[in-house]
Structure formats: structure tokens, C-alpha cells
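Visitor: Kindly return the folded structure for what I paste below:
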Amino acid sequence: METQNNVTEFVFIGLWGNKKIDLLFFFLFLFCYLAVLMGNFIILLTITCSHLMQQPMYYFLRHLSLMDVSYTSTVIPRLIRDLAAARRNISYNNCMTQLFAAHLLAGVEIFILMFMAFDRYIAIVKPLHYMVIMNRQRCDMLMVLAWALGFWHSIALLLMVLKLPFCGPNQIDHYLCDVKPLLKLVCKDIHVVSILVIANSGMVVVVIFLILVASYIVILYNLRTHSSAGRKKALSTCSSHITIVVLFFVPYIYTYVLPAGSKNKDKDISVFYTVIAPMLNPLIYTLRNTEMKITIRKVWTKVAHSGLK
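Guide: Residues are numbered from 1 along each chain as shown. Below is the predicted model:
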């Protein structure tokens with residue numbers, strides 16, 4: 001039996017639905033997006049044009065910055081446009097494209113964060129074998145794995161949503177095409193589908209988050225044997241990563257672990273991982289990282305001098 005689908009476009013309700021507030025947040029989100037682009041561009045250029053590129057930690061940080069720019073670019077430009085638009089419509093095909101792209105890029109970012117924790121674990125627990133274990137070939141392999149797992153996650157969600165019938169209401173109570181607000185518009189029982197969504201997104205994120213927590217408990221335990229200077233440097237790096245993990249994972253877990261029909265603040269909470277976390281990532285990694293700050297000064301001084309010649 002073919003899926004009945006009478007909907008050719010969706011309409012976003014948005015975050016608040018108040019014109020005065022929308023105008024205020026138009027400028028706020030525009031500022032946030034420019035901050036995301038500028039902050040992550042600085043990190044990308046700094047790492048690419050310096051010796052930091054040879055270090056596994058910064059190799060992953062470079063890819064994390066690239067994911068932040070790509071992920072926010074699938075969400076924030078349309079959000080900014082809709083805040084200023086009279087009608088916030090999106091075609092069915094574009095909606096499915098945004099759903100796939102957002103989950104692909106978010107999935108890759110989640111696995112990069114996990115591999116960054118693995119990198120810190122090896123650096124602190126097995127420092128003598130660090131460069132052997134975390135060689136460039138293995139780092140490249142981990143990035144391919146991140147993309148493969150991210151693609152599997154997003155294509156599974158997309159195929160599941162494409163099979164669902166949309167035959168009535170087309171107003172999405174959100175500012176982006178995501179699986180949970182779309183499920184509320186489906187004209188059939190979604191009990192089984194909701195369980196699959198929780199299994200695909202919610203439980204996977206919870207498991208990865210618990211792995212990250214466990215890895216940092218082991219890291220902190222092993223720091224006892226390090227010197228005071230070594231502990232301080234390791235804690236500085238790890239605390240930056242833990243802050244980003246909490247900012248990204250906690251709102252994500254809240255959004256995807258609860259069932260689709262529940263009365264929660266999904267669209268408000270999702271602002272944390274779609275806008276705030278990507279904007280704060282560059283600040284967190286540069287302000288608490290002495291090596292990064294020194295390299296930024298060197299690279300941008302060199303860029304400024306070459307520009308003056």
C-alpha cells in the first residue's frame with residue numbers, strides 16, 4: 001500500500017510568533033551566525049596554517065569547527081530569513097533535505113566529540129604510546145568512521161520519515177524541519193515510530209554521553225600520577241572539551257529521549273545545540289588554551305604582515 005501524502009509544503013510556527021520579539025531575535029541570531037562563522041574561520045585558518053595541524057587534538061578540533069559552520073548553515077540562515085518573512089513556508093523536498101543534512105552533520109559532530117575524548121584519554125593514560133596510537137592514518141580512519149556513522153543515522157531517519165503519511169495539518173511547531181515536530185503532523189499512529197526515533201537518536205546520544213563521562217572519570221583518576229604542571233595543562237584542555245560536551249549533549253538528550261507527543265520545550269532547548277554551542281566552541285577552545293592563543297597571534301600577525309607588503 002502506497003503512503004498517502006497530500007502535503008507539498010510545510011509552514012513553520014517559529015519560536016515565539018510575536019513580531020516585535022521576532023525582529024529583536026532577527027538581529028540577535030544574525031549576530032550569533034556571524035560570530036559562528038568568524039570564530040570557527042579563525043580556528044580553521046590558525047590550525048591549517050600552523051604546526052598545530054600535526055597534533056591529533058587540533059586535527060579533530062579543525063574538523064569540529066568545520067562541522068559547526070556546516071551544521072549552523074543548515075539551520076540559522078533559514079531561521080533568520082523566517083524571522084523577517086511574512087510567510088515561513090518550506091517545500092516538502094527542502095524540508096526533507098534540511099532534516100537529512102542537519103542530522104548528518106550533527107551526527108558527525110557527536111562522533112568527533114567522542115574521538116576527541118578518546119584522543120585525550122590516550123594522551124593522558126598512555127602518553128608514551130600516544131603518537132603511535134593516534135597517528136595521522138588512524139585519525140583519518142576515525143573521521144571516515146564519523147561520516148559513515150553520521151550518514152547511517154541520518155539516512156535511517158530520512159527513510160523512516162519519507163514513509164510516513166502527511167495528509168492534513170502542515171504547520172510545524174518549530175523553526176526547522178526535525179523529526180519530532182514532523183511526527184506530530186503524521187495522520188497515523190506514531191507509537192512505534194516514536195520508539196524508533198528514540199532508539200536511533202535518543203539512546204545513541206545517551207550511550208555516547210555515558211562513554212564520554214566514563215572516559216573523563218578515568219582521565220581525572222589517572223591525572224593523580226602527573227606533575228602539578230602536567231595536571232594543570234591536562235585539566236585546561238579537558239575542561240574545555242567537557243564544557244562543549246555538556247552544552248551540546250544535555251539539550252540534545254532532553255530533546256530526543258522524550259517521546260514526540262510529550263509537552264516539552266523542544267524548540268527552545270534546541271537553540272542551545274543549533275546556535276549557542278557552535279558560537280561558544282571557538283571561545284571555549286581559545287580562551288582556555290594557551291598554545292592556541294599563542295598560535296593565533298603568530299598566524300594572524302604573519303597574515304597582517306603579508307597583507308601590508
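Visitor: give me the low-pLDDT residue ranges for the stretch 1-150 of the chain?
Guide: Counting by pLDDT under 70, the low-confidence segments of the stretch 1-150 of the chain come to 1-5, 17-18.
Visitor: And the helices in it, which stretches?
Guide: 19-48, 56-84, 92-125, 130-133, 136-162 (DSSP state H, counting those that start in this stretch).
Visitor: right, and those helices - which one's nearest N170?
Guide: Of all the helices of the stretch 1-150 of the chain, helix 92-125 sits nearest to N170, with 8.9 Å by C-beta to C-beta. To be clear about C-beta, it is placed using only N, CA and C from the backbone, and glycine gets the same treatment.
Visitor: Can you list the buried residues in that closest one?
Guide: 92, 95-96, 98-125 (16 or more other C-beta atoms under 10 Å).
Visitor: Quick one: the helices of the stretch 1-150 of the chain as TSV, columns for distance to S270 too.
Guide: Shown next, in TSV, are these (distance: least, C-beta to C-beta, whole Å):
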stretch	distance to S270
helix 19-48	13
helix 56-84	9
helix 92-125	10
helix 130-133	36
helix 136-162	15
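Visitor: and V245, which of those helices is closest to it?
Guide: That would be helix 92-125 among the helices of the stretch 1-150 of the chain, by C-beta to C-beta, at 5.8 Å.
Visitor: what angle do that closest one and helix 56-84 make?
Guide: Orientation check (axes from the mean of the first three to the mean of the last three C-alpha atoms, to 10 degrees): helix 92-125 against helix 56-84 gives 150 degrees.
Visitor: Can you name every helix or strand that helix 92-125 contacts?
Guide: Applying 3 or more C-beta pairs under 8 Å, 6 or more residues apart in numbering; DSSP states H and E, one finds that helix 92-125 contacts strand 9-12, helix 56-84, helix 130-133, helix 136-162, helix 179-183, helix 203-222, helix 228-257.
Visitor: the inter-axis angle of the longest one versus helix 203-222?
Guide: With the same axes, to 10 degrees as the basis, helix 228-257 and helix 203-222 are set at 160 degrees to each other.
Visitor: Kindly export stretch 213-228 (C-alpha atoms) in CSV.
Guide: Output of stretch 213-228 as CSV, limited to C-alpha atoms (Å, rounded to 0.1, in the frame of the first residue of the first chain):
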residue,chain,number,x,y,z
VAL,A,213,31.6,10.7,31.1
ALA,A,214,33.3,7.4,31.9
SER,A,215,36.4,8.3,29.8
TYR,A,216,36.8,11.6,31.7
ILE,A,217,36.4,9.9,35.1
VAL,A,218,39.3,7.6,34.1
ILE,A,219,41.3,10.6,32.8
LEU,A,220,40.8,12.5,36.1
TYR,A,221,41.7,9.4,38.1
ASN,A,222,44.9,8.9,36.1
LEU,A,223,45.9,12.6,36.5
ARG,A,224,46.9,11.9,40.1
THR,A,225,50.2,10.5,38.9
HIS,A,226,51.1,13.6,36.8
SER,A,227,53.1,16.6,38.0
SER,A,228,51.3,19.7,39.1
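Visitor: And the contacts of that stretch?
Guide: A117, F118, R120, Y121, I124, V125, G230, R231, A234, L235, C238, I242 (C-beta atoms under 8 Å, 6 or more residues apart in numbering).
Visitor: center of this structure, which residue is that?
Guide: Nearest to the geometric centre of the chain sits A106, at 4.3 Å (C-alpha atoms, centre = their mean).
Visitor: Give me the neighbour count for the residue nearest to it when sequence neighbours are not counted.
Guide: Ranked by C-beta to C-beta, 6 or more residues apart in numbering and with sequence neighbours excluded, the top spatial neighbour of A106 is Y71, at 5.9 Å. Residues lying near Y71 (other C-beta atoms under 10 Å) number 24.
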